[in-house]
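Student: Build me a model from this:
(chains A, B, C and D)
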Number of protein chains: 2
Amino acid sequence: MVAGPQNVRRMPRAQRREQILDAATRAFARTGYVATGLDGVAAEAEVTLVLLYRHFDSKADLYRAVLDRACARLEATVGSGDYDEGSISALLRAAAEDPDGFRLLFRHAVREPDFRDVVNGMQAMSAEVTRRELAAVIPEGPWLDWAVQYVPTVTLEAVIAWLDAGQPDPDQAADRIALVVHSAIRAANGVD
Amino acid sequence: MVAGPQNVRRMPRAQRREQILDAATRAFARTGYVATGLDGVAAEAEVTLVLLYRHFDSKADLYRAVLDRACARLEATVGSGDYDEGSISALLRAAAEDPDGFRLLFRHAVREPDFRDVVNGMQAMSAEVTRRELAAVIPEGPWLDWAVQYVPTVTLEAVIAWLDAGQPDPDQAADRIALVVHSAIRAANGVD
DNA sequence: CAGCTTGTATAAGTTGACTTAAACAACGCT
DNA sequence: AGCGTTGTTTAAGTCAACTTATACAAGCTG
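Tutor: Below is the predicted model of the structure:
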């Protein structure tokens, strides 16, 4: 005999899916793809493991859905426009709207070979775009390579640190981060 | 009947151990602890899986040994001194001497809950020290928190990017990185 | 050469995580 | 009332990775 559950929270399918995606984003944001168990995700979503499989075919499928949604949200806020002054401020807004998704994308997904492609699906902050922008300012050579890798990192880590610091004063934040970014570009051009 | 191996590379135990640690450092540096299989490590070391177990009790044991050695090397070069001008240059030297170990420590180990303690065993670049240094320059508040997290990251990522760019001109590099770090500290104090 | 050490090959045991299956309960709509 | 949907519980299947065991080959050293 099977004990019947007493307080089952029912939900329209689409809404439940969103809730699971929310929980999964939080869970994966903590420890990344490999180290996060579906048990943990289910617990975070306050839902049975089996139900996960009624919504997603596999762990990889779920993860891709999470990543895709985070990307979509990011692009919706930040656009794929070039790297002008407003970009940083847009990035801050996007990060504030979906902190877990943001952290997941740029702290974990970028270093997971099987899923890096999803992140690179966005041109924003991608090395390709960055190189084009920086190549106009920095002479060819190892320091251009350095900047191409370093500038996006500096930007994104600044945003993440800003999230962790409690998101103080977005406008000021944009200016301050821009300061550091410009200083990184100046550094690539030489200090002298 | 068991086919006998033909060209067995023999080695004194201590030396073999070092070679395994070298290989393991490379392997783990690529994909971190969980995603790296002992098969992969054994292959990288050109050695049998069984031999790994003759040198290390378990995967965790091996990983700790790798981390400990990387830490020891780092501390030997960089010392646990305060954060003066020469620190960055020492960091560059350390990174150049053991690039894989450096990447492993600061790209993976720091985000692996079970092993973070090993990295924190060093005071160098640790948040504790950094806070003390920065608290003297930045007023209490969220932007101090921001800087405490961000400044070490900016420094370490600059070094890693420098490694990836082919380690151009160490002296110049130190100056350029110092520029960015100072700019980050200035940013935390306000742009105005 | 006898024995300890270093090494390989092969096989089997163990475990945890992903995955699928089956049966049952309750809500809501027609 | 009947039926599909949403959900739970419980159990079992699968598979990869870690781990241990056994047997054998070959160098080094007293």
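Student: Can stretch A:98-113 be said to contact DNA strand D?
Tutor: No. Contact between stretch A:98-113 and DNA strand D, assessed by C-beta under 7 Å from any atom of the strand, is absent, since the two come no nearer than 13.3 Å. No exception for glycine: its C-beta is placed from N, CA and C like everyone else's.
Student: What residues sit buried inside that stretch?
Tutor: By neighbour count on 16 or more other C-beta atoms under 10 Å in any protein chain shown, the buried set for stretch A:98-113 is A:98-112.
Student: Stretch A:158-177 now?
Tutor: Taking 16+ other C-beta under 10 Å as the neighbour-count basis, stretch A:158-177 is seen to contain the buried residues A:158-165, A:167, A:173-177.
Student: can you put those residues in TSV and add pLDDT, secondary structure and distance to A:Q19?
Tutor: As requested, these are exported to TSV (pLDDT from 0 to 100; DSSP: H, G, I helix; E, B strand; the rest coil; distance: C-beta to C-beta, whole Å):
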residue	pLDDT	secondary structure	distance to A:Q19
A:A158	98	helix	31
A:V159	98	helix	26
A:I160	98	helix	25
A:A161	98	helix	29
A:W162	98	helix	27
A:L163	98	helix	22
A:D164	98	helix	25
A:A165	98	coil	28
A:Q167	98	coil	24
A:A173	98	helix	30
A:A174	97	helix	32
A:D175	97	helix	37
A:R176	98	helix	36
A:I177	98	helix	33
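Student: Now distance to B:A14 too, for these, in JSON lines please.
Tutor: Below are those laid out as JSON lines (distance: C-beta to C-beta, whole Å):
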{"residue": "A:A158", "distance to B:A14": "45"}
{"residue": "A:V159", "distance to B:A14": "47"}
{"residue": "A:I160", "distance to B:A14": "42"}
{"residue": "A:A161", "distance to B:A14": "43"}
{"residue": "A:W162", "distance to B:A14": "48"}
{"residue": "A:L163", "distance to B:A14": "47"}
{"residue": "A:D164", "distance to B:A14": "43"}
{"residue": "A:A165", "distance to B:A14": "47"}
{"residue": "A:Q167", "distance to B:A14": "52"}
{"residue": "A:A173", "distance to B:A14": "52"}
{"residue": "A:A174", "distance to B:A14": "55"}
{"residue": "A:D175", "distance to B:A14": "56"}
{"residue": "A:R176", "distance to B:A14": "51"}
{"residue": "A:I177", "distance to B:A14": "49"}
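Student: And for the closest residue to A:F106 other than its chain neighbours, the neighbour number?
Tutor: Counting by C-beta to C-beta, 6 or more residues apart in numbering or on different chains, the nearest residue to A:F106 once its immediate chain neighbours are dropped is A:L156, at 4.8 Å. The burial metric for A:L156, expressed as a neighbour count using other C-beta atoms under 10 Å in any protein chain shown, is 21.
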